[in-house]
Structures are given as C-alpha cells and as structure tokens.
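Participant: Give me coordinates for this.
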Amino acid sequence: MKRIFRRSSASAGSSAARSTGVAVLGGAIISLTLLEKIMDGLQIPIVKGSAGAALEVIKLLQAMYNNKVDCRDLLQRSTSLMVVILSSFDGKKEEDIPDHLRRAVERLTMIFHEVLQELRKIERRGTRYLVGLLYTIDNTNKLKGCTVKLDWAMQEFQVISNVDSCLKDLERHEELKAEIRKGRAILETIAAKSSANNEINLPTSVMPPEPIIFGRERFIEQAIALILKNSSARIAILGPGGIGKTSAALKIIHDARIQARFGKNCIWVPCDQATSIPLFVELIARSLDLPSSKSNDRFKEIVTALESSNELLILLLDNLETPWDIDGQQSNVAQILSRLAAIPSVSFIITMRGTQYPVPDMIQWSQPPLVPLTPLELSAGRDAFFEDCP
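Facilitator: Residues are numbered from 1 along each chain as shown. A predicted model of the protein is given here:
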C-alpha cells in the first residue's frame, strides 16, 4: 500500500533545513524568517492576509515534512506561490491594486485556508490513531488534491497578474487607451465568471463537535442563563489567545437547553478566515446557507434574510479579532455587529482576544457581562491534560 509519509533518500541538507526553519524551492534554500520580514513590509492588508495564510501552510508542512515526497511537493507549491505573492506586491500600496487583482488575492486566501484545514485534519489524525493509520491512500489523495488546488491558484493568479501588467504597460501609449479600457472590461468579466464558476467550499456550515472541557462549568452556566433570559442575547467571551474561548462557546451552543430554543438555527462563523471585510460578510452569508449572489450589497441580503425569518437564531462569531484587527476597518466591523444586534430574532456570541467589549456605545451587551476567561485552576488543568494525553 502506498503510504502518505513514505521513506525517501533525501539529503542531510534537507534535514538541516527543517531544523533551522527554511523552505526548499527548486534546489534553493529560502529562510522562513526572510519571508516573514518581506511579508511584514507589505502595505496592503488583503495581500498580507493571503501571504500570512500561505506562511501558515508552509510552517505546518515543515512540521509534517520529514523528507516525504507528498509533503515536499505541496511545500514547494506553497513556497512558490508565497514568493509570487510577495514579489508581485512588494512596494505597492492599497490604491495600486485593481479590483480584479484584489478578487484574485481573496480567492488565493480562501484556497490557502482550505488547504490549511485539510492539513490540520491530517495532523490531528497522527495524535488520534495508531501510526499505521496515517499511511492511507485517503490522506495521500488529500495532499495531492491540495497540490492541484495550489497549482490552479498559481496559474490563475499569474494569468491575471500578467495581463494586468501588460495593460499597465499599454496605458503609457495615449492612442491605445480606448483598447485598454475594453481589455480591462473583458478582464473584469473573466474574473467575475471565475469567481462564480470556481467557488471555494468554505467549511462554514458544519458546527464543530461538542468539546470536553474542565474548570469552566460556572462560566458556561452563567452564559446559558444570560441567553435563556434574553430574547436577543448579546454575549462576548473574551480572554487571551489559547485560553479556551472557542471551546467554551461550543460547549454553550451544544447545551441541550440552547439546542431546544434554537434547534437547527445555531450557526457557527469561523471569523479567523475573514482577512477582509468582503470575506467576513461572505463567511456569514455562507454559514447561513444563503445562495451565491452577484449583488453589490451582500450584507443587505443577509439582513433581509434574517429579518424575514420568524425563527429564533443564534450566531457564534468565533475569533472575531481577525476582522476587527484589520487596519482601518474597525468601524465597518462595528456597523456589521450593530446591525445584526438590531434584529430582534437574532442572538449572538462572539469570541475575541482581549478584555474590552467591542463598541459598547452601539451594542447593548447582555447583563451582567461575562468576565474575561483566565487560566484554569491547577486541578482543572491537570484533568484537561490527562483527557488529551491518557
């Protein structure tokens, strides 16, 4: 049987490269630290978000790499695509990016997040099952499928980028400006059709399973009580990264009393994928199972759908700090939240890094507010450790 991580005769240099945090591309060794520094220099948030997603894929592949062919192929594709992104936008500003190229970057980000989720599933299998179960054709096919997606993403992005570059060169010639306008119109049409015909399946409609957690019982009961006593609950679960905000929120959503009130209308929105405001809005729409649309006001469609329903609904806006922290976009996120808060049939829970409730002047948060999460007591931490490592 073909194994996903099969032995190869890679050189000792590859092993050294892994230990020092580098990626191998076409025989050249590229420092991940260098890639991070270049990424930090980008001035365009949407491009930085896409490069950041690529870097996450590369780092996770480094952890899984171990001189294995399937991971090596995907690692080279990911590194190549990140280098293309960085080189294409180095030194450019937000206003330099046309709409069709912006949409291409958004699709790249979606693809990287989809690949990252597949890799995380494969990585988790290594801790859940016997080692032998890692070596399955299913996992091999998934890695190859990720490689195919990145190949497609590379080709599409390079075509759009090259055409855009050619059009900019032609703009220097006054007599060809009319033809250039026609070319841009055709390019916009191609990009719009590509976006509609190559829709990425974001994993937004499936609620994660109920987690096993320890030491948060009182906090969870307080949150459930707030939701049950308010027809339109507004709950914020705050705290530092990795403290267990998402686990607590999922425990609340899966509680039998919450399920009895909202039924199938418990909606999970993974906001860590929302590296731009349009992506944030689209993630909400897809989580609500709204059909694809070419509307110029996607959020209006969301509001209309929610207001026209007579059923109670609860949204879990998980990792809201991702869209909230986009440079210059807090006011837009605040307006989205306040508009959702104005719909009587909608309750929502947010999980977010920090200790401050967002936009308290625009949203009436359920009272008394939940205190931010703090580290578990020693006994609860020990129970959680032995649950993960029996």
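Participant: contacts, neighbours, all on C-alpha from now
Facilitator: Fine.
Participant: hmm, who's touching stretch 238-245?
Facilitator: With C-alpha atoms under 8 Å, 6 or more residues apart in numbering as the test, stretch 238-245 has contacts from 237, 351-357, 371-375.
Participant: Just give the nearest non-adjacent residue to A104, would you?
Facilitator: Distances taken as C-alpha to C-alpha, 6 or more residues apart in numbering put F157 closest to A104, at 6.2 Å, once the chain neighbours are dropped.
Participant: just checking, the one you found touches R102?
Facilitator: No: contact between F157 and R102 fails when scored by C-alpha atoms under 8 Å: they sit 10.3 Å apart.
Participant: and those two? which has more neighbours close in?
Facilitator: Taking neighbours as other C-alpha atoms under 10 Å, F157 and R102 compare with F157 leading, 21 against 14.
Participant: Helix or strand: which one has the more buried one?
Facilitator: Here F157 is covered by helix 137-170, with elements defined by DSSP states H and E.
Participant: Which members of the contacts of stretch 238-245 are classed as buried?
Facilitator: Listed as buried from the contacts of stretch 238-245 are I237, T351, M352, R353, Y357, P372, L373; burial here means 16 or more other C-alpha atoms under 10 Å.
Participant: Narrow the residues you listed to those in strands?
Facilitator: Counting by DSSP state E, those place I237, T351, M352, R353 in strands.
Participant: Check the spacing between the second one and K251 real quick.
Facilitator: It stands for T351. To K251, T351 is 13 Å away according to C-alpha to C-alpha, to the nearest Å.
Participant: L316 is in contact with V269, isn't it?
Facilitator: Yes: L316 lies in contact with V269 (C-alpha under 8 Å); the separation is 5.9 Å.
Participant: Can I get the ones in strands among the buried ones among the contacts of stretch 238-245 in CSV including pLDDT?
Facilitator: As requested, these are arranged in CSV below (pLDDT from 0 to 100):
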residue, pLDDT
I237, 96
T351, 96
M352, 95
R353, 93
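Participant: about what we covered before: what two of the contacts of stretch 238-245 are the furthest from one another?
Facilitator: Y357 and P375 (19.3 Å; C-alpha to C-alpha).
Participant: Tell me which residues of the helix or strand hosting L55 come out buried.
Facilitator: Per DSSP H and E: L55 is located in helix 45-65. The neighbour-count check on helix 45-65 (16+ other C-alpha under 10 Å) flags 45-55, 57-59, 61-62, 64-65 as buried.
Participant: just the helices in the stretch 251-390 of the chain please.
Facilitator: Listed in chain order, the helices of the stretch 251-390 of the chain (DSSP state H, counting those that start in this stretch) span residues 256-262, 277-287, 298-307, 321-324, 330-341, 378-388.
Participant: If I average pLDDT within each of those, which one is lowest?
Facilitator: Lowest mean pLDDT within these: helix 378-388, a mean of 48.
Participant: Alpha carbons only: can I get stretch 103-119 in CSV?
Facilitator: Only the C-alpha atoms of stretch 103-119 are listed here, as CSV (Å, rounded to 0.1, in the frame of the first residue of the first chain):
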residue,chain,number,x,y,z
ARG,A,103,-10.5,39.4,-6.1
ALA,A,104,-7.7,37.0,-7.2
VAL,A,105,-5.9,37.6,-3.9
GLU,A,106,-9.1,36.9,-2.0
ARG,A,107,-9.5,33.6,-3.8
LEU,A,108,-5.9,32.7,-3.1
THR,A,109,-6.6,33.3,0.6
MET,A,110,-9.6,31.1,0.5
ILE,A,111,-7.7,28.3,-1.1
PHE,A,112,-4.8,28.6,1.4
HIS,A,113,-7.3,28.4,4.3
GLU,A,114,-9.0,25.3,2.7
VAL,A,115,-5.5,23.6,2.3
LEU,A,116,-4.6,24.6,5.9
GLN,A,117,-7.8,22.9,7.2
GLU,A,118,-7.1,19.7,5.3
LEU,A,119,-3.5,19.6,6.7
